[in-house]
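Colleague: Predicted model follows, preceded by the sequence.
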Amino acid sequence: MGKITITEIIKRKNENKKISMLTAYDFVFAQIVDEAGIDIVLVGDSLGTAVQGHATTLPVTMDEMIYHTKMVSRGVKNGLVVGDMPFLSYQVSVEEAILNAGRFLKEGGASAVKVEGGANIIDRIKALINIGIPVMGHIGMLPQSVHKMGGYKVQGKEETAAEKILNDAKMLEDAGVFAIVLEAIPEGLSKRITDSLSIPTIGIGAGIHCDGQVLVLYDLLGLLPQPMPKFVRQYLDLRSLSLEAIKKYKEDIDAGRFPGADETYH
Ligand code: KIV
């Protein structure tokens, strides 16, 4: 299997073949995610909450994102690596957006970047695409705007808000993004958006009608403390499994059972 391209991702929509996307933040998990056949590996700025222990994604810096994107790119052979542009790396000016997005490709080894927003950042998105940087959009619930939204709340429930999100989706498509993440919106709205676009939608908390789905890796593996958002399907309780294993290791040390003869050089 060769590296999946952006053209192939877009083609999936016409072929009615779902797109799988998952986050990764380091080399080991990137290898596992890639080996599982995931199409798009997102180095999400969820790094801030999943890995770094922050309450929001806002503190994540460009240097941190590049550091993690390099590790992920080294682990991914087949999937499309997308770097998530962190807060304030593209909001200030077109020039900063280009320089920062360029770093994801030039230093991080990513093939594309993702940005949060619609009409409000359309000039920056066009500028990136214009110089050859593929862009993935992200609308609906925007974690980088958590304070403006008054928390992590489902968006687009009222018709005016839904119309605005639909309009953002169309503007992103016209600007040339290759796919759009729809986060935490009602499934009726995500169906309307998905049906009205020729590029794929990738949902997280946006229901079954999207062309693809994305989750945060550590949510899926059950590594983060509860409670999880409603849209998460937890496939494993890796937090409990890890805790059990580490406790056993400590018990073995305390009881003088580790290392054993097999684990010792003679
Ligand atoms: O940062 C992230 O992980 C994301 C996905 C949840 C879409 O933006």
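Modeller: Looks like it came in fine.
Colleague: Pull up the residues of the chain that are close to the ligand.
Modeller: Near the ligand, the residues belonging to the chain are 23, 42, 44-46, 84, 181, 204, 214, 216 when assessed by Cβ under 6 Å from any ligand atom. To be clear about C-beta, it is placed using only N, CA and C from the backbone, and glycine gets the same treatment.
Colleague: now with 5 Å?
Modeller: The chain has residues 23, 44-46, 84, 181, 214 near the ligand, with proximity defined as Cβ under 5 Å from any ligand atom.
Colleague: Identify the farthest-apart pair in the residues you listed.
Modeller: Set against one another by Cβ to Cβ, the residues of the chain next to the ligand have their most distant pair in D45 and V214, with a gap of 13.3 Å.
Colleague: So between these two, which is more surrounded?
Modeller: Remark: of D45 and V214, D45 carries more neighbours, 28 against 24, as counted by other Cβ atoms under 10 Å.
Colleague: how far away is that one from E35?
Modeller: Applying Cβ to Cβ, to the nearest Å, the value for D45 to E35 is 24 Å.
Colleague: Strands along the stretch 151-266 of the chain, start to end?
Modeller: 179-183, 201-204, 212-215 (DSSP state E, counting those that start in this stretch).
Colleague: which one is the residue in the chain that the ligand sits nearest to nearest to, not counting chain neighbours?
Modeller: Among the residues of the chain, G44 lies closest to the ligand, at 2.2 Å counting by Cβ to the nearest ligand atom. By the measure of Cβ to Cβ, 6 or more residues apart in numbering, the closest residue to G44 outside its immediate chain neighbours is T23, 4.1 Å from it.
Colleague: How many residues are close by that neighbour?
Modeller: 28.
Colleague: show me the contacts for P86.
Modeller: By Cβ atoms under 8 Å, 6 or more residues apart in numbering, the contact set of P86 is 45, 48, 57, 60-62, 64-65, 144.
Colleague: Which of the helices or strands spans G83?
Modeller: With secondary structure defined by DSSP states H and E, G83 is part of strand 80-84.
Colleague: for the stretch 1-150 of the chain, which spans come out with low pLDDT?
Modeller: Applying pLDDT under 70 to the stretch 1-150 of the chain picks out residues 1.
Colleague: in it, which spans are helices?
Modeller: For the stretch 1-150 of the chain, helices defined by DSSP state H, counting those that start in this stretch occupy the ranges 6-15, 27-35, 47-50, 62-75, 94-106, 122-130, 146-149.
Colleague: Could you measure from R233 over to L221?
Modeller: With distances taken as Cβ to Cβ, R233 is found 11 Å from L221.
Colleague: more crowded one of those two?
Modeller: L221 (19 against 9).
Colleague: Now that one: closest residue in space that isn't a chain neighbour?
Modeller: L238 (4.4 Å).
Colleague: Domain-wise, how is the chain divided?
Modeller: 6-235, 238-266 (automatic domain parsing).
Colleague: Need the winner for burial among these.
Modeller: Among the domains of the chain, domain 6-235 has the highest mean neighbour count (mean count of other Cβ atoms under 10 Å), at a mean of 19.
Colleague: And the pLDDT at the residue nearest to V135 when sequence neighbours are not counted?
Modeller: Excluding its sequence neighbours, the residue lying closest to V135 (Cβ to Cβ, 6+ apart) is V177, at 4.8 Å. Confidence per residue is given as pLDDT, and for V177 that number is 98.
Colleague: which residues touch V177?
Modeller: Taking Cβ under 8 Å, 6+ apart as the contact definition, V177 lies against 125, 129, 135-137, 199.
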